[in-house]
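Q: what's the 3D shape of this:
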Amino acid sequence: MCGIAVVMFIPLIYDIFFSNSQCVYVFSSSISLCLFLGTSVIFSSATNINSLTFSQKDAFLIVVCFWIVVSFCSAFPFYLYDGHKIDFMTALFESVSGITVTGATIYSDVESLPEAINLWRFMLHFIGGIGIITIAILVLPTLRVGGMQLFRTENSDKSEKLLPRISQVLAVFSLMCIAFIVYISFLLKMAGMSNFDAICHSISAIMTGGFSTKNNGIAYYDNRLIEFIVAVAMFFGGLTFMEIINCFKNGVKHFYKNQQIRGYIKLFFFSVLTVAFLYFIKNNNGISLKVFIGFVFQVASSITTTGYDLIASNVDSIAKGAAPCMKFLFIVLLAIGGCSGSTSSGIKIFRLQIIWGILKNHIKKQIKPNHVNTVEYYEQVVDGQVIVSVVSFLSLLAISFFVSTFLICLINQYDISVGLAATFSCIFNSGYPVEFLTSLQIPYSDMNGLTKLILMIDMLVGRLEFISVFVILSLKFWKK
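A: This next block holds a predicted model:
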């Protein structure tokens with residue numbers, strides 16, 4: 001909470017020195033609230049943090065509570081801002097969407113928001129993105145969540161010294177992401193964006209969040225160079241950040257040896273070529289550079305679950321008869337997602353590779369029953385625990401998806417397509433509007449409080465890989 005208060009000083013200082021000081025009260029009040037809550041917790045449990053030890057059970061609880069507490073505190077500026085008066089549940093929805101890098105927004109006109117409020121929306125992407133990467137590298141492998149134990153490293157082998165190692169990794173990834181943001185911001189500035197828009201969109205692209213300072217997203221600029229730069233930034237956001245660091249030490253050849261990264265790169269280029277082919281067979285005029293960059297942009301947005309709007313990038317208007325097939329492909333890519341250890345959501349490339357290996361192994365077993373076959377991944381044999389963990393992840397994903405869809409339709413009497421679209425967008429952290437999957441236009445801001453709560457749970461459950469949340473919901477977890 002105190003950490004969130006410190007970060008809030010950034011939009012506060014920006015508002016005082018670079019804007020019209022419209023939000024000084026909003027952020028000063030939010031900072032005071034966060035500091036009060038944070039110091040109250042600190043003084044009520046005066047313990048040396050570095051001396052604390054955590055069991056695996058504690059780690060599950062810490063991971064879930066971190067996202068809930070940060071989301072709650074981050075909602076204060078949205079709630080206190082009078083320009084767009086909203087209730088706290090709606091403010092919390094915007095906060096959860098930002099911190100889980102989902103990108104679904106309750107603001108119908110983001111261009112009317114003060115720059116300080118908009119900056120805070122993107123700061124949430126940054127905070128959430130760094131937190132996601134850190135937890136994916138240090139915590140989830142130790143907790144054996146969804147097959148993540150395959151990526152256990154020296155940094156994630158022990159849970160006794162959890163907090164000191166988290167602070168170290170946070171510092172490293174924060175510096176790396178800031179360097180990327182500065183570089184991409186410079187390129188976007190050179191391509192025609194304003195300084196403020198360049199910084200905000202570079203954060204959104206690298207953290208695969210999807211928020212924009214414009215109502216029409218990137219399409220507002222109608223600039224092929226900007227689309228390409230953002231597409232490249234999103235593509236790198238879907239890669240494993242630890243492997244990007246290792247690439248600087250070990251070279252590109254070692255980087256490409258990573259089985260998951262190879263799969264991600266192949267899927268990306270295969271998808272771009274598939275979309276281009278679908279367009280080509282439906283249109284006899286060839287493919288212009290504008291159209292091709294639009295395809296690259298949309299594939300990057302989909303596979304990284306960034307969620308920049310399909311319509312906003314003009315794909316529907318240029319795709320003509322091939323648009324339904326393309327949209328289906330983009331939906332599949334949204335479900336697949338990027339690499340583990342990235343800020344993208346979805347099922348993740350490595351899980352599909354493991355499932356594919358299991359299926360091939362099963363087919364071989366049917367042909368040669370006496371032949372011993374093993375599933376290998378990352379040059380190690382995939383044991384039964386990993387397989388069970390992956391299957392459990394997929395099972396909980398399916399259960400969560402159908403339960404959420406049913407509850408949304410039950411509460412609102414919506415058409416089933418609305419429930420499916422809203423759940424899909426939030427549980428895979430893509431942030432697409434409901435009209436992406438259905439012809440009905442129902443903004444998130446128009447949904448009632450209970451529906452927003454269900455969708456917020458979807459965002460958190462999807463971001464925390466399902467198992468982390470379901471574990472603490474079980475009665476056995478709370479028994480001594």
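Q: check contacts around residue 256.
A: By Cβ atoms under 8 Å, 6 or more residues apart in numbering, the residues touching residue 256 are 262, 265. For every residue, glycine as well, the C-beta is placed using N, CA and C.
Q: 7 Å instead?
A: residue 262 (Cβ atoms under 7 Å, 6 or more residues apart in numbering).
Q: span of stretch 202-216 from start to end?
A: 16 Å (Cα to Cα, to the nearest Å).
Q: what residues of it count as buried?
A: 202, 203, 204, 205, 206, 207, 208, 209, 210, 211, 212, 213 (16 or more other Cβ atoms under 10 Å).
Q: mean confidence for stretch 356-367?
A: Summarised as a single mean, pLDDT over stretch 356-367 is 83.
Q: who's in contact with the host helix or strand of residue 122?
A: Element membership of residue 122 [criterion: DSSP states H and E] is helix 115-134. Here helix 115-134 makes contact (Cβ under 7 Å, 6+ apart) with 7, 10-11, 14-15, 19, 23, 27, 70, 74, 77, 81, 95, 98-101, 110, 166, 169-170, 173-174, 177, 196, 200, 203-204, 207, 209, 211, 213, 241, 341, 343, 463.
Q: sorry, back to before: can you add distance to residue 184 and pLDDT and give the buried residues of stretch 202-216 back as a markdown table?
A: A markdown table is the format used below for the buried residues of stretch 202-216 (distance: Cβ to Cβ, whole Å; pLDDT from 0 to 100):
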| residue | distance to residue 184 | pLDDT |
| --- | --- | --- |
| 202 | 4 | 95 |
| 203 | 9 | 94 |
| 204 | 10 | 93 |
| 205 | 7 | 93 |
| 206 | 6 | 93 |
| 207 | 11 | 92 |
| 208 | 13 | 91 |
| 209 | 13 | 89 |
| 210 | 15 | 87 |
| 211 | 15 | 91 |
| 212 | 15 | 91 |
| 213 | 15 | 92 |
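Q: nearest to residue 66, of those?
A: Lowest distance from residue 66 to the buried residues of stretch 202-216 (Cβ to Cβ) belongs to residue 207, with 17.0 Å.
Q: apart from its neighbours in sequence, what residue is nearest that closest one?
A: Nearest non-adjacent residue to residue 207, counting by Cβ to Cβ, 6 or more residues apart in numbering: residue 129, 3.4 Å away.
Q: which residues does the nearest residue to residue 187 once chain neighbours are set aside contact?
A: With Cβ to Cβ, 6+ apart as the criterion, residue 187 has its nearest non-adjacent residue at 5.0 Å, and that residue is residue 229. By Cβ under 7 Å, 6+ apart, the contact list for residue 229 reads 184, 187, 188, 191.
Q: tell me the residue furthest from the middle of this structure?
A: Relative to the centre of the chain, and counting by Cα atoms, centre = their mean, the farthest-placed residue is residue 370 at 44.0 Å.
Q: let me know the secondary structure of that one.
A: For residue 370, the assignment made with DSSP: H, G, I helix; E, B strand; the rest coil gives coil.
Q: just the strands in the stretch 251-400 of the chain please.
A: 376-377, 380-381 (DSSP state E, counting those that start in this stretch).
Q: residue 26 contacts residue 81, doesn't it?
A: Yes. Using Cβ atoms under 7 Å, residue 26 is in contact with residue 81, at 5.0 Å.
Q: so the host helix or strand of residue 177 versus helix 115-134, what angle?
A: Taking DSSP H and E as the criterion, residue 177 maps to helix 162-191. Put simply, helix 162-191 runs at 130 degrees to helix 115-134, going by axes from the mean of the first three to the mean of the last three Cα atoms, to 10 degrees.
Q: could you point out which element follows helix 162-191?
A: From helix 162-191 onward toward the C-terminus, using DSSP H and E, the following helix or strand is helix 195-206.
Q: for that next one, packing partners?
A: Contacts defined by 3 or more Cβ pairs under 7 Å, 6 or more residues apart in numbering; DSSP states H and E place helix 195-206 against helix 115-134, helix 162-191, helix 224-237.
Q: how far does that helix sit from the chain's center?
A: How far helix 195-206 lies from its chain's middle: 16 Å, per Cα atoms, centre = their mean, to the nearest Å.
Q: and if you look at stretch 184-199?
A: Centroid separation for stretch 184-199 versus its chain: 22 Å, with Cα atoms, centre = their mean.
Q: returning to that earlier point: of residue 26 and residue 81, which one has the most company?
A: Shown here are residue 26 and residue 81; by other Cβ atoms under 10 Å, residue 26 has more neighbours (25 against 22).
Q: quick check, residue 83 in a helix?
A: No. Under three-state DSSP, residue 83 sits outside any helix and is assigned coil.
Q: can you tell me how far it is from residue 31?
A: Counting by Cβ to Cβ, to the nearest Å, the gap from residue 83 to residue 31 is 19 Å.
Q: which one of the two has more residues nearby?
A: More crowded of residue 83 and residue 31, by other Cβ under 10 Å: residue 31, with 20 against 11.
Q: got the angle between the helix holding residue 177 and helix 195-206?
A: Using the same axes, to 10 degrees: helix 162-191 against helix 195-206 is 130 degrees.
Q: what packs against helix 162-191?
A: With contacts taken as 3+ Cβ pairs under 7 Å, 6+ apart, helix 162-191 sits against helix 115-134, helix 195-206, helix 224-237.
Q: how far off centre is the helix or strand following the last one?
A: Tracing the chain past helix 224-237, the next element assigned as helix or strand by DSSP H and E is helix 241-250. In terms of Cα atoms, centre = their mean, the centre of helix 241-250 is found 21 Å from the chain centre.
Q: same deal with stretch 445-461?
A: Using Cα atoms, centre = their mean, the offset of stretch 445-461 from its chain centre is 16 Å.
Q: for stretch 9-18, same thing?
A: With Cα atoms, centre = their mean as the basis, stretch 9-18 stands 26 Å off its chain's centre.
Q: check which residues of that stretch are buried.
A: Using 16+ other Cβ under 10 Å as the test for burial, stretch 9-18 gives 11, 12, 14, 15.
Q: with distance to residue 247, secondary structure and pLDDT added, can I get those in a markdown table?
A: Compiled in a markdown table, the buried residues of stretch 9-18 are given as follows (distance: Cβ to Cβ, whole Å; DSSP: H, G, I helix; E, B strand; the rest coil; pLDDT from 0 to 100):
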| residue | distance to residue 247 | secondary structure | pLDDT |
| --- | --- | --- | --- |
| 11 | 33 | helix | 90 |
| 12 | 37 | helix | 90 |
| 14 | 33 | helix | 90 |
| 15 | 38 | helix | 87 |
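Q: for the residues you listed, which two are the farthest from each other?
A: Comparing every pair within the buried residues of stretch 9-18 by Cβ to Cβ identifies 12 and 14 as the most remote, at 7.2 Å.
Q: list the contacts of residue 437.
A: 417, 420, 421, 424.
Q: for the third one, which non-adjacent residue is closest in space?
A: Using Cβ to Cβ, 6+ apart and skipping residues adjacent in sequence, the residue nearest residue 421 is residue 437, 3.7 Å away.
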